[in-house]
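Novice: Fold the following for me, if possible:
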Amino acid sequence: MSIFEPGEGTLVVVPSLSLPQDELRRITGARCYEERLLFLLLTLREPGVKVVYLSSAPIDPEIVAYYLGFLPDPEEAAKRLELITLDEPHAQPLTRTLLSRPDVMDQLRSAIDGDAFIVPFVLSELEEELASSLNVPLYGPATALAYYGSKSGSRELGSMAGVPMARGFGDLHTLAELEDAIESLPGERVILKLNDGYSGLGNAILPKGDRAATSFSAAGETWETFTAKVAERGAVVEEFIEHRPLYFPSALARISPGGHHEVLATHDQVLGGANNDVYQGCTFPAAPEYRAEVGASADRIAAILASKGAVGLFGMDFFAMKTDAGYAALLCEINLRIGGTTHPYGAAQLVTGARYDPGTGLLMAGDRPTYYTATDNCSADCLRGRSPGEVLRTAERLGLGFDAATGTGNVFHLLGAIPEHGKMGFTTIAGSRREADELHAATRTALCRAPAGR
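Specialist: Next comes the predicted model:
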C-alpha cells in the first residue's frame, strides 16, 4: 500500500497538526500547513480512488481546482473528492476539534466508501481515537512507537542500527543531568534538543560555562523557559559539530502494513534561522558524495522500525562532512511522521510518473532523471493580500507552471497562506540539478516582484 499510488479505496486525509501548540505558533501561517497534503488529490488519477480531505478552515476552491487541473479528467475526479471543513480555524489541533463535533463525524462516516485508511500528518493519541471511532486503519506508526521519533529515541534506534551519530546523551530531564552531560562532551559548545521539537525550533546552542550566551532557535526563548520544557518533555545533549563545510541530508522511507520497508528518496535540506537549523526547504537528490551512505543508514533504521511493527512514512535527518577517509554521514534524528520533504517528493512523483532507483538514488521518468528544489518559505510583501488564484494565474502567464511534456516547471503549495501572510511554497522540477536550482531562483524572484493584478 502506498499513499502515492493507491489502486482503489478511500484516503481519509487528516492533516491535523497534533504537535506542541506553543512551538507551532512560532511558524508563520502554521494552520495553512494543513494544506501540505493536498498533493494527494493527484491520486484521484486512479478511477477507483476517493479522497476525503479534512481541514479546520475552508480551502479556497481555486486551490482545489489547481490540483485537479493536473489530472486527465478534473471534472470526473472532483466527483470522487469530498472536502470536509470544521470551519473553526483557531481551534487547534484539527483532530481534537473533529472528535468534539458529532455532526462532522457523522458526515465523515457517510463519506467513506469501501476499504479506507486514514492518512495523518502526524499520529498522536487523538488520531488513534479517531481511527477507533471510525473503525478505519491508520497509515502511520502507532503511538506505542512514538519514543523512537523523539530525539532520545532516535539515538537509541541509531545505536541498534549501528548508524554513526554525534557523541551525546539522551533522556535528560533535570538541570543536574544537563550539566553532567554538557561537561562530559568535548568542544567549547554543545547543542540541546527537546525530545519533541520539530523543524529545529526545539534546539539551542550552548557555549560551555556561559548560559547567558545560549542561542535559541525559537524566538523569545530563555534558559528558564527552555529548561522547564526539558523537565516536562526530556531532551538530548550532543557535541556541536564544528566541522565546515557541514551538509544536512535527509532520507524519506516507507513501511507497508505487511512489514516491507524501502527508502524512497534522499534530500539535502535547506536550513535557516538564528542557528541555521530551522527547515526551509530541500533539494533532491542528496549530493552524490554521501547519497549512498545516507540511503544505506536509512535502510538499516527502516528495517528495525519495520521489525517493531511501524507503518507509514517517516524521515531521518543526518549531518554529512568530508573526512580523510571520504564523506561521513551521522544520524541527527528520526521523524516518525510526514515531514517537510514528503510533499515535494509526492508532488514530483505524481506529476511526472517517475520511479525511484535505489541503485543511483535518482527519480527516473522513463530514461529521464528528475531533480527538484523545494521551499516552504517564499515570502514577500507584494504577495500579501492577493488571492491564491491570482498568484497562480500570474505564474502561468510568466511561464512558471508545470509542463507535462517536458517534465519541467513548478508545483505550488501552501497557497492558503498567501492572502494573510504573503507566504507560499513551491517545488521546482527539472532534468538536472542546475536547471532545477536556476528555475527555482527565477520563480522566487518573479513571484516576489510581480505586480498585483498583472
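Novice: my guess is Q107 meets I84, correct?
Specialist: Yes: between Q107 and I84 a contact is recorded at 5.9 Å, counting by CB atoms under 8 Å. For the C-beta atoms, the positions are set from N, CA and C on the backbone; glycine is no exception.
Novice: out of the two, which sits in the busier spot?
Specialist: Neighbours were counted for Q107 and for I84 using other CB atoms under 10 Å; I84 has more, 17 against 14.
Novice: secondary structure class for that one?
Specialist: strand (DSSP: H, G, I helix; E, B strand; the rest coil).
Novice: Give the closest residue to it in space, chain neighbours not counted.
Specialist: In space, and not counting its chain neighbours, I84 is closest to L54: 5.1 Å by CB to CB, 6 or more residues apart in numbering.
Novice: Alpha carbons only: can I get the helix or strand that neighbour falls within in CSV?
Specialist: Assigned by DSSP states H and E, L54 belongs to strand 49-55. Extracted as CSV, the C-alpha positions of strand 49-55 are listed here (Å, rounded to 0.1, in the frame of the first residue of the first chain):
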residue,chain,number,x,y,z
VAL,A,49,-9.7,6.1,-5.6
LYS,A,50,-11.8,8.5,-3.5
VAL,A,51,-10.2,11.2,-1.3
VAL,A,52,-11.9,12.7,1.8
TYR,A,53,-9.9,15.8,2.9
LEU,A,54,-10.4,17.4,6.3
SER,A,55,-9.5,21.0,7.2
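Novice: Let me know how buried G48 is, in neighbour terms.
Specialist: 12.
Novice: Repeat that for N135.
Specialist: 9.
Novice: The chain should start at 12 in everything you say after this.
Specialist: Sure, I'll start numbering at 12, so the last one becomes N146.
Novice: To what extent is E407 buried, counted in neighbours?
Specialist: 12.
Novice: And it, how far from Y77?
Specialist: To Y77, E407 is 10 Å away according to CB to CB, to the nearest Å.
Novice: go on, Q118?
Specialist: Distance from Q118 to Y77, by CB to CB: 25 Å.
Novice: And D114, by the same measure?
Specialist: Going from D114 to Y77 by CB to CB gives 29 Å.
Novice: before we move on, what about G18?
Specialist: For G18, the distance to Y77 - CB to CB - is 25 Å.
Novice: Compare the two (neighbour count), which wins?
Specialist: Y77 (22 against 11).
Novice: residues touching the more buried one, list them.
Specialist: The contact partners of Y77, by CB atoms under 8 Å, 6 or more residues apart in numbering, come to 399, 403, 423, 426.
Novice: mind redoing it with 6 Å?
Specialist: Counting by CB atoms under 6 Å, 6 or more residues apart in numbering, Y77 touches L403.
Novice: From V402, how far out is it?
Specialist: Taken as CB to CB, the span from Y77 to V402 is 10 Å.
Novice: Kindly report the same for G231.
Specialist: 31 Å.
Novice: Repeat that for T238.
Specialist: Distance from T238 to V402, counting by CB to CB: 43 Å.
Novice: One more: A157?
Specialist: From A157 to V402 the distance is 37 Å (CB to CB).
Novice: ok, now A285?
Specialist: Per CB to CB, A285 is found 29 Å from V402.
Novice: do the same with L48
Specialist: Distance from L48 to V402, by CB to CB: 20 Å.
Novice: Using the record, which stretches count as separate domains in this protein?
Specialist: 20-150, 178-250, 260-460 (automatic domain parsing).
Novice: May I ask you to confirm that H184 is in contact with G245?
Specialist: Yes: here H184 reaches G245: they are 5.4 Å apart, a contact under CB atoms under 6 Å.
Novice: so which of the domains of the chain gets nearest S163?
Specialist: Within these, the stretch nearest S163 is domain 178-250; the backing value is 3.4 Å (CB to CB).
Novice: roughly how far is the closest one from the heart of the chain?
Specialist: In terms of CA atoms, centre = their mean, to the nearest Å, the gap separating the centre of domain 178-250 from the centre of its chain is 24 Å.
Novice: Can you get me the start-to-end distance on it?
Specialist: End-to-end distance for domain 178-250, by CA to CA, to the nearest Å: 6 Å.
Novice: thinking again about what came up before, and the next helix or strand after the strand holding L65, what's buried?
Specialist: Note on strand 60-66: by DSSP H and E, the next helix or strand toward the C-terminus is helix 72-79. For helix 72-79, the neighbour count (16 or more other CB atoms under 10 Å) marks 74-75, 77-79 as buried.
Novice: Out of the residues you listed, which comes closest to V174?
Specialist: Set against V174, the nearest of those by CB to CB is Y78 (36.7 Å).
Novice: for the closest residue to the closest one other than its chain neighbours, helix, strand, or coil?
Specialist: Spatial nearest neighbour of Y78, excluding adjacent residues (CB to CB, 6+ apart): L52 at 4.2 Å. At L52 the chain is in helix, as set by three-state DSSP.
Novice: ok, L52 - how many residues close by?
Specialist: 26.
Novice: what's the distance between it and A89?
Specialist: Using CB to CB, L52 is found at 9 Å from A89.
Novice: still on that earlier bit, who's more crowded, H184 and G245?
Specialist: Set H184 next to G245 and count neighbours by other CB under 10 Å: G245 wins out with 21 against 15.
Novice: quick one: that one and G208 touch, right?
Specialist: No: using CB under 6 Å as the test, G245 is too far from G208 to be in contact (10.7 Å).
Novice: Quick check: neighbours shared by the two?
Specialist: With CB under 6 Å, 6+ apart, G245 and G208 have no common neighbours.
Novice: Low-confidence regions, the chain specifically.
Specialist: 12, 30-40, 210, 461-465 (pLDDT under 70).
Novice: Apply 80 and report the result again.
Specialist: Applying pLDDT under 80 to the chain picks out residues 12-13, 29-42, 209-212, 284-286, 288-289, 461-465.
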